[in-house]
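*Asks:* My questions concern the predicted model and sequence given below.
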Amino acid sequence: MRPATILFVFGTRPEAIKLAPVIEELRRDPASFDVRVCVTGQHREMLAQVLDLFGITPDIDLGLMQPDQNLTDVAAAVLIQVRRVIDETSPRVVVVQGDTTSAMAAGLAAFYARVDVAHVEAGLRSGDVQAPWPEEVNRRLLSVVTRFHFAPTGDARQHLLREGASEVFVTGNTVIDALLRVREVELPFLSNRRLVLVTGHRRENFGAGLESICQALADLVRMFDDIEIVYPVHLNPNVQQPVRAILGDSERVHLIEPVDYATFVTLMKRSTLILSDSGGVQEEAPSLGKAVLVMRDTTERPEAVRAGNVRLVGTSRERIVSEAGALLCDPAKLAEMAQVRHPFGDGNASKRIADVLRAAVVSSAP
C-alpha cells in the first residue's frame, strides 16, 4: 500500500499552532501518510515563527496576502489556488483547522474536487452569526462539507450531531498538545510587579469596542501601582492605531510587537491575570491555571466558563475595570478562579486524530 497523501492547508498563526502537533504525529508514520503542507500566507511573519518552532517547512506557499484585501478577496484566492494544489497533489484527505476564511474556502475547494475534508476543532458554536464575525459562519459552512469532524469537547460533538453530522470524533483540543511541547523563554524586560497580559484584535471589537478596552487598561494601571500590562499588539492597522493612541504614553504598559508562541506561553505562565478576546487563550489558560476575563459578549468555548477559569465581561470600560479590579484586590477570589483545570483535553488529541485517519486510509486503500 502506498502512503496516502494528506494535505494540510492553513494561513494564520493559530491554525499553525493547532495543526503542528497533528502534522508531527502523522509524519511519525510515513508508511501510512505522505504529509504535504500548504500555507496560504496571510500571517507570513507570525506563521513563520510557529513553523520554525515546530520544525515544519511548507511544501507549498501560495503567498496570497495582499495589501487592503477583504474577506471576499481571501476566500476567492484560496478557493482557486487550493483547487490547483489539490489537482497537483491528489490528496486523499484535506485537513483544515478552526474557523478562518481560508479554512472555509480550502474545505470548499476540497469538496468541489470530491476530496474528503477533515476539520480539526469542529463543532464550536456561539449561536450568534455576528459574533465572532465571520468565524461563526465559517465554522458552520465547514461542517457541511466535512467528512471527519474532530470535535474538541462533548459540547462540540453535540452541536454537530444536532446538525446531522455523522463521523464525529471527540479528540480534545490540539492546542493543549502544542502547549505542553513549549518551554519557557527568558523575558528580561519584566519587573517584579504583577503582570496583566492583554490580547485584543477581534474584528467585531474594531472601533468603539477596542477604544473602550484600551481606556479600561489605562484606568487599571492608574488604580494599581503594583501591576504592569503587556500587550502584544496585532499588526492590523485597525488595532495598532487606537491602541497606540490611547496607551502609547501610559506608564507600565508595554505595547510590544506580536511575539512568537514560546514567548507568549511564557507570558501566560508569568501572568497574574489575562484580559483577552482570543479563543485560543480561553483554551490554553485553564491548563496553565490562569484566570481570563474575556472581552466579548459571547463565547463558543463555554467549557472554560463552566470550569471557572473564564468569565465574559464584554467591552464596557466600566465592566472591565470593575471585574479586573475586584480580582486584583482579592487574592483569594483570584486564586479560586486561577486553578489548573483541563476542560479541553489531555494533550493526546493529535494521536487520536492520526488513529482515525489511519483507520480510514487503511480501510479505503486501493
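*Replies:* Sure thing, it's come through.
*Asks:* which residues does Phe182 contact?
*Replies:* One thing to correct before we go on: residue 182 is Val, not Phe. By Cβ atoms under 8 Å, 6 or more residues apart in numbering, the residues touching Val182 are 53, 261-262, 265. Every residue, glycine included, has its C-beta placed from N, CA and C.
*Asks:* Identify the residues contacting the helix or strand containing Leu142?
*Replies:* With elements delineated by DSSP states H and E, Leu142 resides in helix 135-145, which encompasses its position. By Cβ under 8 Å, 6+ apart, the residues outside helix 135-145 that reach it are 96, 98-101, 103-104, 107-108, 110-111, 117, 119, 122-126, 128-130, 149, 160, 163, 165, 300.
*Asks:* quick one on the thing from earlier: in TSV, list the contacts of Val182 along with secondary structure.
*Replies:* What follows is these, written out as TSV (DSSP: H, G, I helix; E, B strand; the rest coil):
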residue	secondary structure
Leu53	helix
Tyr261	helix
Ala262	helix
Val265	helix
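*Asks:* what's the pLDDT at the residue lying closest to Met268 once chain neighbours are set aside?
*Replies:* Of all residues not flanking Met268 in the chain, Leu288 sits nearest, at 5.6 Å (Cβ to Cβ, 6 or more residues apart in numbering). Among the per-residue scores, Leu288 shows a pLDDT of 96.
*Asks:* Likewise for Ala365?
*Replies:* What the model reports as pLDDT for Ala365 is 61.
*Asks:* pLDDT of stretch 168-183, averaged?
*Replies:* Computed over stretch 168-183, the average pLDDT equals 95.
*Asks:* So which bits of it are buried?
*Replies:* Neighbour counts over stretch 168-183 (16 or more other Cβ atoms under 10 Å) mark 168-179, 181-182 as buried.
*Asks:* Can I get the buried part of the contacts of helix 135-145 as one PyMOL selection?
*Replies:* One line in PyMOL is enough to select the buried ones among those; burial here means 16+ other Cβ under 10 Å:
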select buried, resi 96+98+99+100+101+103+104+107+108+110+111+117+119+122+123+124+125+126+149+160+165+300
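*Asks:* Mind checking which of the contacts of helix 135-145 are in helices?
*Replies:* Among the contacts of helix 135-145, the members falling in helices (DSSP state H) are 101, 103-104, 107-108, 110-111, 160.
*Asks:* how about the strands in the stretch 151-300 of the chain?
*Replies:* All strands of the stretch 151-300 of the chain, identified by DSSP state E, counting those that start in this stretch, fall at 168-170, 194-199, 227-232, 253-256, 273-276, 292-294.
*Asks:* could I get those as JSON lines with distance to Ala307?
*Replies:* Formatted as JSON lines, the strands of the stretch 151-300 of the chain follow (distance: least, Cβ to Cβ, whole Å):
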{"stretch": "strand 168-170", "distance to Ala307": "17"}
{"stretch": "strand 194-199", "distance to Ala307": "19"}
{"stretch": "strand 227-232", "distance to Ala307": "24"}
{"stretch": "strand 253-256", "distance to Ala307": "29"}
{"stretch": "strand 273-276", "distance to Ala307": "14"}
{"stretch": "strand 292-294", "distance to Ala307": "11"}
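*Asks:* To Leu71, which of those lies closest?
*Replies:* For the strands of the stretch 151-300 of the chain, the distance to Leu71 is smallest for strand 194-199, at 21.2 Å, taking Cβ to Cβ.
*Asks:* Next, the buried residues of the closest one.
*Replies:* When neighbours are counted by 16+ other Cβ under 10 Å, the buried residues of strand 194-199 are found to be 195-199.
*Asks:* What of stretch 53-62?
*Replies:* 53-54, 56, 58, 60, 62.
*Asks:* Filter these down to the ones in helices?
*Replies:* Counting by DSSP H, these place 53-54 in helices.
*Asks:* Show me which of the buried residues of stretch 53-62 is closest to Thr5.
*Replies:* Ile60 (12.3 Å).
*Asks:* can you count the residues close to Asp249?
*Replies:* Counted with other Cβ atoms under 10 Å, residues neighbouring Asp249 total 9.
*Asks:* What pLDDT is listed against it?
*Replies:* Asp249 carries a pLDDT score of 90 in this model.
*Asks:* can you tell me how far it sits from Thr298?
*Replies:* Between Asp249 and Thr298 the computed distance is 33 Å (Cβ to Cβ, to the nearest Å).
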